[in-house]
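> generate coordinates for the sequence data below:
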Amino acid sequence: LNTDGTIDTTFNPSPNGFVRTIALQADGRILIGGGFNSLTPNGGAFVVNKYLARLNTDGTLDPSVNPAPNDQVFTIAVQPDNKIVVGGPFYSANSFKGQMRNRIARLEVDGRLDQTLNLNALGSVVRANAVQPDGKILIGGTFTSVLGVARKNIARLNTDGTLDTTFNPSANDFIDAIAV
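Numbers count the residues shown, from 1 in each chain. The predicted structure is shown next:
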């Protein structure tokens, strides 16, 4: 939308499926995640870009972020160092261009898969995440353990991707949103 609330008709990334989450980066670029597998930005060429994309401020696609998760992206958060944390139902050895990430992944600023956050022991689906000012990552969803430690539907990760064992609110139902 324009600042006056009218629709910005020049901005139209045109994904072919739903967008479930949006995050704004410090440089003004926009991350979108959801159930799409292609975009036709601003009426341009059809581009295959599954479930996660970064848009330039004018709505065109930034092709540097195309990690190709094997399932939908439900949540996106940007860390203070501009790394991108995503969550969803994705899993298995081919979850991100042949690399395994189960339910949560972190991308470098340039779109490459971060090699330090690898929670392959995470249970079911990460539906929500948020990054605290200190860089710790809150995750919520439908899971009973994180890295083999019992955690019901909500957990906090240290900046290095390890489980913060001091945080255990133990929610009795799934978490669908988190805000700091």
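
> tell me the centre residue of the protein?
What sits nearest the mean C-alpha location of the chain, by Cα atoms, centre = their mean, is residue 86, with 2.1 Å.

> beyond the helix or strand that contains it, next helix or strand please.
For residue 86, the element it lies in under DSSP states H and E is strand 84-87. Remark: after strand 84-87, the chain's next helix or strand is strand 104-107, criterion DSSP H and E.

> show the average pLDDT along that following strand.
Per-region confidence: strand 104-107 scores 90 on mean pLDDT.

> same for that strand, what does it pack against?
strand 84-87 (3 or more Cβ pairs under 8 Å, 6 or more residues apart in numbering; DSSP states H and E). Just so you know, the C-beta spots here come from the backbone N, C-alpha and C atoms, and that holds for glycine as well.

> where does pLDDT dip in the protein?
Low-confidence segments of the chain, defined by pLDDT under 70: 93-94, 120-123.

> let's see 80
92-94, 98, 117-123 (pLDDT under 80).

> can you pull out the strands in it?
Taking DSSP state E as the criterion, the chain carries its strands at 19-24, 30-34, 38-39, 47-48, 52-55, 61-62, 75-78, 84-87, 104-107, 125-131, 137-142, 145-146, 149-150, 154-157.

> tell me which residues are up against stretch 18-34.
Here stretch 18-34 makes contact (Cβ atoms under 8 Å, 6 or more residues apart in numbering) with 13, 15, 17, 35-36, 51-57, 62, 65, 72-78, 82, 84, 86, 88.

> of these, buried ones?
13, 15, 35-36, 51-55, 62, 65, 72-78, 84, 86, 88 (16 or more other Cβ atoms under 10 Å).

> in stretch 26-35, what counts as buried?
Neighbour-count burial for stretch 26-35 flags 29, 30, 31, 32, 33, 34, 35 (criterion: 16+ other Cβ under 10 Å).

> determine how far that stretch lies from the middle of the whole chain.
Taking Cα atoms, centre = their mean, to the nearest Å, one finds stretch 26-35 lying 9 Å from the centre of the chain it belongs to.

> same check, this time on stretch 12-19
The answer for stretch 12-19 is 16 Å, by Cα atoms, centre = their mean.

> start and end of that stretch, how far apart?
Chord length of stretch 12-19, first to last residue, is 13 Å (Cα to Cα, to the nearest Å).

> repeat that for stretch 21-35.
Using Cα to Cα, first and last residues of stretch 21-35 are 10 Å apart.

> next: stretch 145-165.
First-to-last distance for stretch 145-165 - Cα to Cα - comes to 12 Å.
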